[in-house]
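Visitor: Just the structure for this:
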Amino acid sequence: MCKSKKFLQIYGRDFVGKTAYLVFFCVKQPTDACFLHRHAYGFFYKKATTSFKLAVVVVTLQCLKGRRGNAGIFRIQNMKKQIKDYIVRSNERLSDSYSLLKLQPADGSAIIDTCAGQFVEVEVPDSKSTFLRRPISINFVDRDRNELWLLVRVAGEGTRHLVALAEGRVLSLVLPLGKGFSIPADTVSKVLLAGGGVGVAPMLYLGSELKKRGFEVAFLLGARSKGDLLELEEFEKIGGVYVSTDDGSMGEHGLITKNSALQKSWQMLYCCGPMPMMKAMAAYAMRNNIECEVSLENRMACGVGACLCCVEDTVEGNLCVCKEGPVFNIKRLKWQI
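Guide: Below is the predicted model of the structure:
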């Protein structure tokens, strides 16, 4: 029995289940791509509880599974995506809150082309209450070992199951999702990559790609304490590393936005982390006429722009971060900075 019908059997007698099943048919209307957006937002979301919104997304994801073609490939907005099984080759616990998962395609094929800043949606195994996939930034792609790295922070039940996975377990991934960071045309540019907390995750892959193209790369990493600083050795292989910790246990004492690295001259700034940090870094970039891109961490569900959970107000109107981002140039955002 397909999951959508099973879901209806469980919840079909209440408002959530009936409405979700209606959305199931709405999404499958190939002649009107805006049908879901008009009716889901206008009728569903105005009255919806959190459980209802989750129900809509669950069924939407089942529709996406139904659209798969050969080799688990489907297209949304003319972008080729892949639903594919990956094997956990290693699970390294970096701290109490973070684990580094290194994955390989279960069929032995090469990892699909990805860009730094993109993310994957991971299906959570062994969790009866986790219906939705979890969006995880691509931390690194090791082409030599054919490994995809995911840096996972424990934030709830779903991620608790992910960090507890044993080697050899199989995970279903949807990838690659979103739009990644842009690469400057001028290879002599000095670029600074700033990451706070789990926001350091996409910076390792981005720094590696920039270095391959001849850029002078430096990292500015922030954390609460020394124990929360992640993958320092990997970052040091790529470029210079500046560090700030809230308690002063490593690097400079204080916020990342007060680090002395910001007194140097930079031509490009990339940033990912808590919203206050990104806004402060964006303000710094604006004052100093530095090009700046940020990776937003809005709450996401479907990963393909169907559920409208991650909408961000921009100069171009409301955009889904999962589809039009998560990376945006700060000039496109309506931040009061």
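
Visitor: Pull out the buried positions in stretch 213-228.
Guide: 215, 216, 217, 218, 219, 220, 221, 222, 223, 227, 228 (16 or more other C-beta atoms under 10 Å). From N, CA and C alone the C-beta is placed, and that goes for glycine too.

Visitor: Tell me how far the second one lies from residue 206.
Guide: According to C-beta to C-beta, to the nearest Å, residue 216 stands 14 Å off from residue 206.

Visitor: same deal with the fifth one?
Guide: Shown here: residue 219 relative to residue 206, a distance of 10 Å by C-beta to C-beta.

Visitor: Likewise for the third one?
Guide: As judged by C-beta to C-beta, residue 217 and residue 206 stand 9 Å apart.

Visitor: cool, the fourth one as well?
Guide: Applying C-beta to C-beta, the value for residue 218 to residue 206 is 12 Å.

Visitor: Residues that sit against both of those two, list them.
Guide: Taking C-beta atoms under 8 Å, 6 or more residues apart in numbering as the contact rule, residue 218 and residue 206 both touch residue 193.

Visitor: What residue spans form the domains of this protein?
Guide: 3-67, 71-177, 190-332 (automatic domain parsing).

Visitor: Ends of the last one, what's the gap?
Guide: Taking C-alpha to C-alpha, to the nearest Å, domain 190-332 runs 23 Å from one end to the other.

Visitor: For the protein, just list every one of the helices.
Guide: Counting by DSSP state H, the segments of the chain that form helices are 3-11, 15-27, 35-39, 50-66, 157-163, 201-212, 232-236, 275-287, 321-324.

Visitor: Run through the residues that contact residue 151.
Guide: 94, 98-101, 136-137, 139, 198, 200-201, 230-231.

Visitor: mean pLDDT lowest for which of the helices of the chain?
Guide: Note on those: helix 35-39 shows the lowest mean pLDDT, a mean of 37.

Visitor: Can you show me the strands along the stretch 51-200 of the chain?
Guide: Secondary structure of the stretch 51-200 of the chain, counting by DSSP state E, counting those that start in this stretch: strands at 73-76, 79-93, 98-105, 119-122, 134-142, 147-153, 170-177, 190-196.

Visitor: I'd like those strands laid out as JSON lines, including mean pLDDT and distance to residue 267.
Guide: Shown next, in JSON lines, are the strands of the stretch 51-200 of the chain (pLDDT from 0 to 100; distance: least, C-beta to C-beta, whole Å):
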{"stretch": "strand 73-76", "mean pLDDT": "44", "distance to residue 267": "34"}
{"stretch": "strand 79-93", "mean pLDDT": "92", "distance to residue 267": "30"}
{"stretch": "strand 98-105", "mean pLDDT": "98", "distance to residue 267": "31"}
{"stretch": "strand 119-122", "mean pLDDT": "97", "distance to residue 267": "26"}
{"stretch": "strand 134-142", "mean pLDDT": "97", "distance to residue 267": "24"}
{"stretch": "strand 147-153", "mean pLDDT": "97", "distance to residue 267": "27"}
{"stretch": "strand 170-177", "mean pLDDT": "97", "distance to residue 267": "27"}
{"stretch": "strand 190-196", "mean pLDDT": "96", "distance to residue 267": "5"}
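
Visitor: any chance of those in TSV, with distance to residue 254 too?
Guide: Below are those laid out as TSV (distance: least, C-beta to C-beta, whole Å):
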stretch	distance to residue 254
strand 73-76	43
strand 79-93	28
strand 98-105	22
strand 119-122	30
strand 134-142	26
strand 147-153	22
strand 170-177	35
strand 190-196	12
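
Visitor: Those strands: which one's closest to residue 331?
Guide: Evaluated with C-beta to C-beta, these place strand 190-196 nearest to residue 331, the distance being 17.4 Å.

Visitor: Identify each buried residue in the closest one, please.
Guide: If you call a residue buried by 16+ other C-beta under 10 Å, then strand 190-196 has these buried ones: 191, 192, 193, 194, 195, 196.

Visitor: partners of that strand, with directions?
Guide: When pairs are called by DSSP bridges, strand 190-196 turns out to pair with strand 216-223 (parallel), strand 268-272 (parallel).
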